[in-house]
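Q: Output the structure for:
(one chain, ligands or ions: 1)
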Amino acid sequence: MTDLELTDATFKNLRDFIEKKCGIAVGDSKRYLIETRLSTLAKGVDCATFDEFHTKLVTSPNSNLADQVVDAMTTNETLWFRDQGPWSILNEKLLPECSGAVSRSEKNKIRIWCAAASTGQEPYSIAISILEHIRNSGADVKPDAFRIIGTDLSPSALYVGTSGRYDRLAIERGLAPELRERYFVENDDTWDVNSQVKEMVQFEQRNLMEPFDALGRFDLVFCRNVLIYFSADLKRDIVTRIGERIVPGGAFIVGASESLQGMMGIFKMKQVSGNFFYQRPTEGNQ
Ligand SMILES: C[S@@+](CC[C@H](N)C(=O)[O-])C[C@H]1O[C@@H](n2cnc3c(N)ncnc32)[C@H](O)[C@@H]1O
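A: Numbering: from 1, shown residues only. This is a model prediction of the structure:
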């Protein structure tokens, strides 16, 4: 099926619509993404041109067409234990500290937010890391002391995450065979996260463009491989608001190609075995 043709004016309209709705900045060099990803959607709602499609989009605010546009424009690429750095930071520093705080009764819950959870591999990798930490260290903590919330904008990604079911292609990306054995149940060439892992993670639809204060405060926030899609101003705003959600002493982990340079605000940069993360200083240690 050939793509619909996109005029300059309609490209600008659609680009502005997308950025306003979900923050994703579609630069001129990514114009083809609108053409390729939205053509089928436009034809599916009987639009013969992108102009007609844009008009339909802005004149039917209550339809779920806008959600479909956002879903089509987001990139849900993810995998198990993506990049080595965050998992070293978790295993070597953050999990020992968190479980120590729980076993000394300084905290009774550790709250973790995975702010662009996509299809669930990242929050479930965090849950598996916690279970492995408890198993290997003999820490005196129960898994239910850790609560993970995975949020994302994309309903189709959240659907997969909530189901906890993965096909062969997805399961084979980044997951060690012994972890698959230990934490998944195989079913006719699909794998379900087991109930222990699943119970540790809850999913919720959240747009980072909108207020997220209602989520409460967190000991640890992962927000990886999503800030790259946003303009500098928007990124600064989201980082500031995430900072407000992190408890003093809590940690913030961004993607390998993302940095908070020029927008560190309340954070201090920390290093564990050559891997960087950001920390909100404890009171009295600003
Ligand atoms: C490339 S994936 C990254 C997934 C995971 N964090 C990782 O690093 O593997 C980016 C995710 O960000 C989500 N996303 C994009 N814009 C968003 C927004 N405004 N609010 C919340 N999530 C958003 C997309 O739906 C997508 O699932």
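Q: Run through the bridge partners of residue 275.
A: residue 272 (DSSP bridges).
Q: per-residue pLDDT, it?
A: Looking at residue 275, its pLDDT stands at 95.
Q: For burial, what's the neighbour tally of it?
A: A count of nearby residues for residue 275, using other C-beta atoms under 10 Å, gives 19. (C-beta placed from N, C-alpha, C; glycine too.)
Q: and the closest residue to residue 153 other than its chain neighbours, what element?
A: In space, and not counting its chain neighbours, residue 153 is closest to residue 207: 4.9 Å by C-beta to C-beta, 6 or more residues apart in numbering. For residue 207, there is no host helix or strand (DSSP states H and E).
Q: Just the pLDDT for residue 207.
A: On the pLDDT scale, residue 207 is placed at 95.
Q: any idea how far residue 20 is from it?
A: 11 Å (C-beta to C-beta, to the nearest Å).
Q: per-residue confidence at residue 262?
A: 85.
Q: err, residue 283, not the other one
A: For residue 283, pLDDT reads 72.
Q: The stretch 101-250 of the chain against the ligand: which residues are in contact?
A: Proximity of the stretch 101-250 of the chain to the ligand (C-beta under 6 Å from any ligand atom) is limited to residues 116, 118, 122, 152-154, 157, 207-209, 224-226.
Q: Most neighbours among the residues you listed, which one is it?
A: Once you tally neighbours by other C-beta under 10 Å, residue 152 ends up highest among these, having 28 neighbours.
Q: my guess is that residue contacts residue 113, does it?
A: No - at 11.6 Å, residue 152 does not count as touching residue 113 under the criterion of C-beta atoms under 8 Å.
Q: mind listing what the residue nearest to residue 153 touches?
A: 22, 23, 153 (C-beta atoms under 8 Å, 6 or more residues apart in numbering).
Q: how many neighbours does residue 270 have?
A: Residue 270 has 14 nearby residues by other C-beta under 10 Å.
Q: close enough to count as contact, it and residue 280?
A: No - counting by C-beta under 8 Å, residue 270 stays clear of residue 280, with 10.6 Å between them.
Q: Turn the contacts of residue 207 into CSV, columns for pLDDT and secondary structure.
A: Listed next are these as CSV, based on pLDDT from 0 to 100; DSSP: H, G, I helix; E, B strand; the rest coil:
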residue, pLDDT, secondary structure
22, 92, helix
23, 93, coil
153, 93, coil
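Q: outside of the helix or strand containing residue 133, which residues touch it?
A: For residue 133, the element it lies in under DSSP H and E is helix 121-137. Contact partners of helix 121-137, identified using C-beta under 8 Å, 6+ apart, comprise 78-82, 87, 90-91, 95-96, 99, 112, 114, 116-117, 139, 141, 143, 146, 148-150, 161, 164, 166, 170, 173-174, 179, 183, 193, 196-197, 200-201, 203, 222, 224.
Q: Any of those buried? List them.
A: With neighbours counted using 16 or more other C-beta atoms under 10 Å, the contacts of helix 121-137 contain these buried positions: 78-82, 87, 90-91, 95, 99, 112, 114, 116-117, 139, 141, 143, 146, 148-150, 161, 164, 166, 170, 179, 183, 193, 197, 200-201, 203, 222, 224.
Q: can you tell me which of the residues you listed are in helices?
A: Residues of the buried ones among the contacts of helix 121-137 located in helices (DSSP state H): 87, 95, 99, 161, 170, 179, 183, 197, 200.
Q: Pull the most distant pair out of those.
A: Pairwise distances across those (C-beta to C-beta) peak at 29.3 Å, for the pair 99 and 170.
Q: which stretches of the stretch 101-250 of the chain form strands?
A: 110-114, 146-152, 165-167, 184-187, 190-193, 201-205, 218-223, 246-254 (DSSP state E, counting those that start in this stretch).
Q: so which of those strands comes closest to residue 72?
A: Comparing these by C-beta to C-beta, strand 146-152 comes nearest, at 14.6 Å.
Q: chain center to stretch 266-283, what's the gap?
A: 20 Å (C-alpha atoms, centre = their mean, to the nearest Å).
Q: same question, stretch 84-100
A: 19 Å.
Q: same check, this time on stretch 233-240
A: 16 Å.
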